[in-house]
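1. Please work out how this folds:
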Amino acid sequence: MNFDTWKTPEPSADFADRVTNRLFAQQDRTRRGRRLAIAAVAASALLLATWLLRTMPQEGTHTADARTTLALGDRAAIVAEPHTSLSWRVERSGRTIVQHDRGAAFYRVDQGEAFTVNTPYGSIDVRGTCFSVEVSEMGAKTAAVSAVLSAAVTGAVFVTVYEGRVALGSNGGEPIAIDAGERAYATPGQAAKKIAQTSTQRPSEAAPQNAAVAPEPVRDLAAAQTKIATLESALAQTRSEVESLRAAQAKSAAPNDPAAAFKHQQSFRPGPEELAQMAKRCEVRIDMPPGMFQREPPSVGKRWRENYNLNDDEARAVKKAMQAMHADVQKNVRELYILVTGDGEAAKWLSPQAMFEELEDKTAEEIQALARQRISAERAGLQPPPTDAAGFSPGERYMRWFTGLSDAFEAKLAKELGPERARAMHDKFEGWPGARWSMNGCPGE
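-> A predicted model of the protein is given here:
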């Protein structure tokens, strides 16, 4: 065959494109396969690493130079106060062991595996709760601690429970259960003991003295009895002791002393003469419905209906006012907490009651005394109220907000029921049938 005469047919116009497209398609399939394989390996490695990290024991130590928030795994947080020394280990199972050697800290622990806090003087077993631990040594005893411990005791651990329950044990006896609102301590060689609640503790949930029907019962014991939010419980107890001494002094005062007679019959709707006497001792009283510092808004129950003869429409109006007041309290207490402490992280998970108690403890007594002096004089008409509170310190802004809660609720109720009805309800038992506070003491006293 003569190939010289063979005529090669011309390729079609799209021949080159078809060939290159097929080659690129094959290469792309190969690349995609490789990428998918690499991605699958990477995903498997990531899952394995995540699993290993979550199941490996986690350990740490910390000595706090300033207030510090620590996260232990995904179920516990600790707010350590300055000079607190901690170490911890979170096992693969989730079991957590904390060694709390020194200082004070607030713990929040969610439900889960065993959680134990060991101290030099006792151990705390936890399942899910909010509580505080303070390790006190002989050289660092406060007045409140000394009132509990004898001079021979070298140190102790104090535990205060805000929510839930813990068990405190020592090498001197069986563990004891500590419920919300209770405080206990353990010392070397002695069984753990509870600390009795003092009668002067604030806020008071006692019924008004002249109320025909008792007010709504407290639904959340932790919210009613919690004394402190973080570990300044010793200071709170000292203040309570001071109030007891003042009451004892007033009781033994001369019969013609108006302050002495007044101590035993307090009205939370005082008249002009009484307000003038209160201003002399820088006394301020606050009353408000129960449950404002609880996480959930309070309800209008049978007792409220009976005490104030509420029909269905009025009961709904009171409930609306309570819900509005509750929302304001929750918002304001967080804003003030951040303003006073600067701790925005803790404000995300602390309860409103805990933040309120810490606000009181973090506000210096000198600031509180100055605020009481001004507010009591304003209420007695001895000086005009301020037109702008922007110039006040964070502590005085807290005091003014807190002492104004009683009238704030009346104002919200007036929007729903009218001013006259709201005022009549406020006056009926000489104050709202819920939490009541009385604070006194002038600057320099």
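2. can you pull out the strands in the stretch 51-200 of the chain?
-> Taking DSSP state E, counting those that start in this stretch as the criterion, the stretch 51-200 of the chain carries its strands at 58-63, 68-72, 76-80, 85-90, 96-109, 115-119, 122-126, 129-137, 155-163, 165-170, 173-179, 183-186, 193-195.
3. I'd like to know which elements the longest one is packed against.
-> This points to strand 96-109. Strand 96-109 makes packing contacts with strand 76-80, strand 85-90, strand 115-119, strand 129-137 when contacts are defined by 3 or more C-beta pairs under 8 Å, 6 or more residues apart in numbering; DSSP states H and E. (Each C-beta comes from the backbone N, C-alpha and C, glycine too.)
4. and that strand, which strands flank it?
-> strand 76-80 (antiparallel), strand 85-90 (antiparallel), strand 115-119 (parallel), strand 129-137 (antiparallel) (DSSP bridges).
5. between those strands, which gets nearest to Met292?
-> strand 129-137 (18.8 Å; C-beta to C-beta).
6. Tell me if I'm right that Ser393 and Ala364 touch.
-> No: with contacts counted by C-beta atoms under 8 Å, Ser393 stays clear of Ala364, the gap being 9.2 Å.
7. which one of these two has more residues nearby?
-> Under the neighbour definition other C-beta atoms under 10 Å, Ser393 and Ala364 were set side by side, and Ser393 has more, 15 against 11.
8. ok, the residue nearest to the more buried one when sequence neighbours are not counted to Glu378 distance?
-> Nearest non-adjacent residue to Ser393, counting by C-beta to C-beta, 6 or more residues apart in numbering: Ile367, 6.0 Å away. Distance, Ile367 to Glu378, using C-beta to C-beta, to the nearest Å: 16 Å.
9. before we move on, which element is Phe293 in?
-> Assigned by DSSP states H and E, Phe293 falls within no helix or strand.
10. What is the burial count for it?
-> For Phe293, the neighbour count with other C-beta under 10 Å is 23.
11. Quick check: phi and psi at it.
-> The phi/psi pair for Phe293 (degrees, to the nearest 10) reads phi -100, psi 0.
12. ok, it touching Leu350?
-> No: with contact defined as C-beta under 8 Å, Phe293 does not reach Leu350; the gap is 11.2 Å.
13. isn't Asp328 right up against Phe409?
-> No: at 9.4 Å, Asp328 does not count as touching Phe409 under the criterion of C-beta under 8 Å.
14. and those two? which has more neighbours close in?
-> Taking other C-beta under 10 Å, Asp328 and Phe409 do not tie; Phe409 has more neighbours (26 against 16).
15. My reading is that the more buried one lies in a strand. Confirm?
-> No: counting by DSSP: H, G, I helix; E, B strand; the rest coil, Phe409 is not found in a strand; it is helix.
16. So which other helices or strands are in contact with whichever strand or helix holds Met325?
-> Using DSSP H and E, Met325 sits in helix 312-341. Packing partners of helix 312-341 (3+ C-beta pairs under 8 Å, 6+ apart): helix 302-308, helix 344-347, helix 352-362, helix 394-403, helix 405-417.
17. So for the second one, mean pLDDT?
-> The reference is to helix 344-347. For helix 344-347, mean pLDDT rounds to 82.
18. Can you mark which positions in it are buried?
-> Going by neighbour count (16 or more other C-beta atoms under 10 Å), the buried part of helix 344-347 is 346-347.
19. Give me the contacts around that helix.
-> With contact meaning C-beta atoms under 8 Å, 6 or more residues apart in numbering, helix 344-347 is reached by 69, 79, 334, 337-338, 355.
20. nearest to Gly60, of these?
-> Taking C-beta to C-beta as the measure, Gly60 lies nearest Thr69 of the contacts of helix 344-347, at 13.4 Å.
21. wouldn't that closest one be in contact with Ala76 here?
-> No: using C-beta under 8 Å, Thr69 is not in contact with Ala76, being 11.4 Å away.
22. nearest spatial neighbour of Thr129, skipping sequence neighbours?
-> Excluding its sequence neighbours, the residue lying closest to Thr129 (C-beta to C-beta, 6+ apart) is Gly164, at 2.8 Å.
23. State the number of residues packed around that neighbour.
-> As a measure of burial, Gly164 has 18 neighbours, counting by other C-beta under 10 Å.
24. Determine the three-state secondary structure at Ala377.
-> helix.
25. if I look at it, how far off is Ala411?
-> According to C-beta to C-beta, Ala377 stands 22 Å off from Ala411.
26. Settle it for me: which of the two has more neighbours?
-> Between Ala377 and Ala411, counted using other C-beta under 10 Å, the more crowded position is Ala377 (19 against 14).
27. Tell me the spacing between that one and Ala279.
-> Plainly put, Ala377 is 5 Å away from Ala279 if you go by C-beta to C-beta.
28. residues near Asp287, how many?
-> Close neighbours of Asp287, defined as other C-beta under 10 Å, add up to 25.
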